[in-house]
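Participant: With the sequence up front, the predicted model follows.
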Amino acid sequence: MISLGKIKNVIINKRFLRFELSVLVILIVIACVLYISDVPPVMAQSAAAALPDVAVPQSGQRILVFSPHPDDETIGVGGYIAQSIENGADVRIVLVTNGDFHGNEDVRYAEFKKATQILGVSGSQLVFLGLPDGKLDKMDPIALCADLQSQIGQYHPDIVIYPDIKDANPDHSTIGCLIQEILKTDPDKITGYEYLVHFKLIWPRPRALAPKLDLTPPYRLLNTNTAWEKVPLSQTDENLKSAALNTYKSQLDNPWLRGLLLSSIRRSELLAVPDNN
């Protein structure tokens, strides 16, 4: 005969099991919502061919690239930089921060110099502002804007390349917003392009080395006030970009950052055209 105590234990165990299953279901639902939110769908590969090609700079044109941290210039527009130099354009890169978030400024600077040299940029065309890594959004925006505007005024570029204002990294979006405002009021009507490095949790998709695929924008950024254009890369330019990225050993040693760097090696790059162009 089953005792009353055993019956109570069975009932309690069943209730506890139902509670555990309910909690598990809730956690699964939350995980799915977070995944959908932070792993954005991207434009299909078949649709990438419809994107217009960026006009590659020609001999005599001046290109000014703003890079928040060492490696952003290569991740975002390494192929574009190589193409521009091959065509005889002049490229200058402004490294805004010291890349010292983890206390390895010297290493990051050395990697930056080596990577940009591979892309064809001479050391005399590298500018180091040395601002604090990870703190640009906390700086005086007027002073920071003056620093950025000074670089544009000194170089007189035909084209300015800078981080997308919707980039998830605060350093990137801060620079992007300020430069976009500078270009809106510039009397010379400089052409501006934005490049995207960080968006949500996982982008680009797939988060892996896929050199035969095009880089495609997140769907969420397609219905904004910017138009997307692609930069088709020759095999030579893709190889140069890959070689430049491989100099960033400090970043490749981090499994999460490694995926970001490798997933930027594609047969094309992306640039957003702001509505003020």
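Facilitator: Arrived safely, thanks for sending.

Participant: how about the strands in the stretch 51-200 of the chain?
Facilitator: 62-67, 90-97, 126-131, 159-163, 191-195 (DSSP state E, counting those that start in this stretch).

Participant: would you turn the ones you listed into JSON lines with mean neighbour count?
Facilitator: Where C-beta positions appear, they are placed from N, C-alpha and C, glycine not excepted. Formatted as JSON lines, those follow (neighbours: other C-beta atoms under 10 Å):
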{"stretch": "strand 62-67", "mean neighbour count": "25"}
{"stretch": "strand 90-97", "mean neighbour count": "23"}
{"stretch": "strand 126-131", "mean neighbour count": "16"}
{"stretch": "strand 159-163", "mean neighbour count": "26"}
{"stretch": "strand 191-195", "mean neighbour count": "23"}
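
Participant: Out of those, which is closest to residue 147?
Facilitator: With C-beta to C-beta, the closest approach to residue 147 among those belongs to strand 126-131: 6.1 Å.

Participant: for that closest one, packing partners?
Facilitator: strand 90-97, helix 105-119, helix 141-155 (3 or more C-beta pairs under 8 Å, 6 or more residues apart in numbering; DSSP states H and E).

Participant: My read is that residue 125 contacts residue 90, right?
Facilitator: Yes - between residue 125 and residue 90 there is a contact at 7.4 Å, judged by C-beta atoms under 8 Å.

Participant: Dump the strands of the stretch 51-200 of the chain to a markdown table, plus mean pLDDT.
Facilitator: Formatted as a markdown table, those follow (pLDDT from 0 to 100):
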| stretch | mean pLDDT |
| --- | --- |
| strand 62-67 | 98 |
| strand 90-97 | 98 |
| strand 126-131 | 97 |
| strand 159-163 | 98 |
| strand 191-195 | 97 |
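
Participant: will you turn these into a markdown table that also has distance to residue 213?
Facilitator: Formatted as a markdown table, those follow (distance: least, C-beta to C-beta, whole Å):
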| stretch | distance to residue 213 |
| --- | --- |
| strand 62-67 | 24 |
| strand 90-97 | 26 |
| strand 126-131 | 31 |
| strand 159-163 | 22 |
| strand 191-195 | 18 |
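
Participant: Nearest approach to residue 41 belongs to which of those strands?
Facilitator: Using C-beta to C-beta, the nearest of the strands of the stretch 51-200 of the chain to residue 41 is strand 191-195, at 20.3 Å.

Participant: hmm, who's touching the closest one?
Facilitator: 54, 76-77, 158-165, 176, 179-180, 183, 226, 229, 269-274, 276-277 (C-beta atoms under 8 Å, 6 or more residues apart in numbering).

Participant: follow-up on the earlier one: what's the closest of the helices and strands packed on strand 126-131 to residue 208?
Facilitator: helix 105-119 (20.9 Å).

Participant: If you average the pLDDT over that closest one, what comes out?
Facilitator: The pLDDT scores in helix 105-119 average 97.

Participant: ditto for stretch 262-277
Facilitator: 92.

Participant: Off-centre distance for that stretch?
Facilitator: 9 Å (C-alpha atoms, centre = their mean, to the nearest Å).

Participant: Span of it from start to end?
Facilitator: 31 Å (C-alpha to C-alpha, to the nearest Å).

Participant: wait, what's in contact with the closest residue to residue 88 other than its chain neighbours?
Facilitator: Computed as C-beta to C-beta, 6 or more residues apart in numbering, the closest residue to residue 88 that is not its neighbour in sequence is residue 59, at 3.1 Å. The neighbours of residue 59, taking C-beta under 8 Å, 6+ apart as the test, are 87-89.
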